[in-house]
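Trainee: I'd like to go over a predicted model; first the sequence, then the structure.
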Amino acid sequence: MKEEIVREASRIVGWNNVLLAPEELVPFRYDASEFKGELPSIVVMPENEEQVSELMALSYDKEIPVVLRGGGSSLTGASIPAFPNTMVISFSNMVKIHEVNIIDSYVFVEAGVRLDDLNAYLSQYGYMFPPDPASSAVATVGGCIAGNSGGMRGAKFGQVKNWVLGLNAVLPGGDVIRIGGKTLKIRQGLDLVSLIVGSEGILAAVTSAYLKIWPAPERIARVLAYYDDLSYLMQAVTKLRESKLVPLVMEFLGEGLLDAVRRVYGDVIEAKGRNLLLIDIDGPEESLRRYVDKAIEALENEGLILYKIPETPEEMERAYLARRAAFPSSLKIRKKPSERVLVSDIVVPPSKLIPTIKEIEAAIDRSGLRAPIGGHVGDGNIHSDIFYDEEDEDEKRRAWKLLEEMAEIAIKYGGSVSAEHGIGLEKRELLKKEMKSKGSLKALEIMREIKKIFDPKNLLNPGKVI
Ligand SMILES: Cc1cc2nc3c(=O)[nH]c(=O)nc-3n(C[C@H](O)[C@H](O)[C@H](O)COP(=O)(O)OP(=O)(O)OC[C@H]3O[C@@H](n4cnc5c(N)ncnc54)[C@H](O)[C@@H]3O)c2cc1C
């Protein structure tokens with residue numbers, strides 16, 4: 001990168017907010033996916049929106065590609081540079097929580113705030129920001145908006161798109177837009193907030209947001225139910241949905257993931273049963289027992305091995321952590337350091353979970369690979385961690401084929417190739433496949449045209465999504 005650009009970027013953010021040494025830049029080649037990006041030429045850490053705007057103007061003027069970076073926990077390669085000579089804008093210095101308004105039910109925050117920090121802050125008011133990706137310890141508001149993230153409470157509260165009231169964002173070239181607002185309802189012509197939510201950093205840099213907040217649950221009961229046969233577990237999920245109970249959390253861990261989690265959280269995870277269904281039911285003290293009884297009725301079938309209700313706050317917390325840590329725990333079952341993981345993220349209507357799981361298990365068997373499954377089963381979202389040795393070309397080919405087959409199964413049952421992790425680098429071809437099979441290639445054309453309007457020089461996160 002030319003010296004004058006480095007000098008100008010450093011003038012904008014100050015030298016102490018610039019990374020230039022190769023050893024400082026290397027981490028930005030990676031996110032949580034299996035991809036390795038290009039080494040960026042510079043990482044800048046602005047402290048406010050004006051600085052983001054100046055940086056975006058500089059990038060536009062000098063035609064420098066930009067990648068926006070939150071916690072770097074993307075599982076699809078969304079937050080790494082696909083091209084050399086890139087400037088990474090990290091939001092690690094934009095972590096202010098400006099305002100909480102309980103009467104109006106919003107919090108106004110900067111893009112770099114991590115979700116766990118946000119929720120810790122909101123807890124003093126008895127409130128929460130409901131979407132909770134399992135990565136919430138590192139995932140940021142900006143990254144979750146750009147990723148339209150879901151998470152463990154998805155079955156009850158949906159994705160981030162349901163919780164964004166308004167956005168401030170900087171466009172390529174440096175213009176600032178303020179869209180949506182702090183009100184619970186708004187009409188402003190075409191809905192640009194919805195367009196930016198889920199746009200994976202290819203349209204605009206979100207600098208701050210008005211997020212809707214919700215009262216934290218009064219009481220939570222957690223039930224861990226173990227099944228050997230996955231179809232019985234899925235039967236319980238169906239019955240739970242029929243029962244009109246809407247659990248706060250409905251998560252499952254299949255065999256391989258549960259084994260991995262047992263190694264780390266053996267104290268709270270029973271040694272019996274190959275698959276685990278974890279559910280949280282919330283409500284007022286006086287109703288909770290009745291809800292739990294109703295849930296247990298739905299969980300009970302001839303495949304249920306046992307169920308447990310953790311009682312102390314510590315046990316409850318560890319059981320939740322065990323589920324959240326499923327992906328990192330699964331890395332413990334890697335056979336060698338050259339093993340990589342492709343993470344499948346399909347979604348189907350919950351009524352199609354039983355046939356979907358059967359077909360997925362058959363596809364995994366055919367592939368001959370280890371690909372443990374789990375996920376946010378309450379909203380039909382199934383993940384599979386597909387392990388392959390990157391030094392073995394045949395394994396690598398089979399892993400990508402398996403990812404594709406899972407996507408085909410999801411499409412066949414009226415679902416999608418991605419529920420919440422997004423497209424990034426990983427699923428560009430799968431997205432095309434899905435749109436083609438739905439007779440909607442035109443929609444992809446429209447997306448490309450929209451990208452050109454926001455980013456005529458294709459400088460913002462180029463090479464991703466479309
Ligand atoms: C262990 C683990 C568990 C996970 N569990 C879940 C889960 O349950 N649900 C789920 O949905 N995801 C999950 N993820 C995926 C990931 O954590 C989420 O997608 C998360 O929202 C990414 O946030 P981040 O701040 O790390 O974003 P990053 O990875 O830094 O960036 C993600 C995308 O957002 C863009 N971006 C970042 N900041 C901005 C900004 N300010 N303005 C515009 N664009 C921006 C980036 O360019 C990139 O395209 C998990 C990941 C891991 C590693």
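Mentor: All right, it came through fine. Since the model is a prediction, treat every value here as computed from it, not as a measurement.
Trainee: from here on, just use CA atoms for contacts and neighbour counts.
Mentor: OK.
Trainee: got any ranges where the stretch 101-250 of the chain has weak pLDDT?
Mentor: Per-residue confidence for the stretch 101-250 of the chain (pLDDT under 70) gives no ranges below the cut-off.
Trainee: what does it put close to the ligand?
Mentor: By the rule Cα under 6 Å from any ligand atom, the part of the stretch 101-250 of the chain lying against the ligand is 111, 133-135, 139-140, 142-144, 146-147, 149-152, 200-201, 204-207.
Trainee: please narrow these to those residing in strands.
Mentor: A205, V206, T207 (DSSP state E).
Trainee: mind telling me what element A225 is part of?
Mentor: strand 219-227 (DSSP states H and E).
Trainee: starting at the chain centroid, how far to the helix or strand following that strand?
Mentor: Later in the chain than strand 219-227, the nearest helix or strand by DSSP H and E is helix 230-242. Mean C-alpha position of helix 230-242 versus that of the full chain (Cα atoms, centre = their mean, to the nearest Å) differs by 24 Å.
Trainee: quick revisit: helices or strands next to the strand holding A225 in the packing?
Mentor: Under the contact criterion of 3 or more Cα pairs under 8 Å, 6 or more residues apart in numbering; DSSP states H and E, the helices and strands touching strand 219-227 comprise strand 275-283, helix 285-299, strand 304-308.
Trainee: contact partners of the shortest one?
Mentor: Here strand 304-308 makes contact (Cα atoms under 8 Å, 6 or more residues apart in numbering) with V223, L224, A225, Y226, Y227, D228, Y232, L233, K272, G273.
Trainee: and the host helix or strand of A155, what's buried?
Mentor: With the criterion set as DSSP H and E, the secondary-structure element containing A155 is helix 154-157. Neighbour counts using 16 or more other Cα atoms under 10 Å place G154, A155, K156, F157 of helix 154-157 among the buried residues.
Trainee: next one: stretch 351-371
Mentor: 351-354, 356-357, 359-361, 363-364, 367, 369-371.
Trainee: just the ones of those residues in strands?
Mentor: With strands defined by DSSP E, no entry of the buried residues of stretch 351-371 lies inside them.
Trainee: how deep is E445 tucked in, by neighbour count?
Mentor: Other residues lying near E445 total 12 when counted by other Cα atoms under 10 Å.
Trainee: quick one, helices of the stretch 1-150 of the chain?
Mentor: Secondary structure of the stretch 1-150 of the chain by DSSP state H, counting those that start in this stretch: the helices cover 3-13, 22-25, 49-62, 115-123, 141-147.
Trainee: only alpha carbons, please: show the fourth one as PDB.
Mentor: Only the C-alpha atoms of helix 115-123 are listed here, as PDB (Å, rounded to 0.1, in the frame of the first residue of the first chain):
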ATOM      1  CA  LEU A 115     -23.400  -9.000  22.700                       C
ATOM      2  CA  ASP A 116     -22.400 -10.400  26.100                       C
ATOM      3  CA  ASP A 117     -21.300  -6.900  27.200                       C
ATOM      4  CA  LEU A 118     -24.600  -5.400  25.900                       C
ATOM      5  CA  ASN A 119     -26.700  -8.000  27.800                       C
ATOM      6  CA  ALA A 120     -24.600  -7.700  31.000                       C
ATOM      7  CA  TYR A 121     -25.300  -3.900  30.800                       C
ATOM      8  CA  LEU A 122     -29.000  -4.400  30.100                       C
ATOM      9  CA  SER A 123     -29.400  -6.900  33.000                       C
END
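Trainee: between the buried residues of helix 154-157, which is closest to the ligand?
Mentor: G154 (8.7 Å; Cα to the nearest ligand atom).
Trainee: so the closest one is in contact with H376, correct?
Mentor: Yes - counting by Cα atoms under 8 Å, H376 is a contact partner of G154 at 7.3 Å.
Trainee: so which strand or helix has the residue in the stretch 351-466 of the chain positioned nearest to the ligand?
Mentor: The stretch 351-466 of the chain approaches the ligand most closely through E420 (4.2 Å), counting by Cα to the nearest ligand atom. Assigned by DSSP H and E, E420 falls within no helix or strand.
Trainee: which residues does it contact?
Mentor: E420 makes contact with G147, N148, S149, G150, G151, Q159, D345, according to Cα under 8 Å, 6+ apart.
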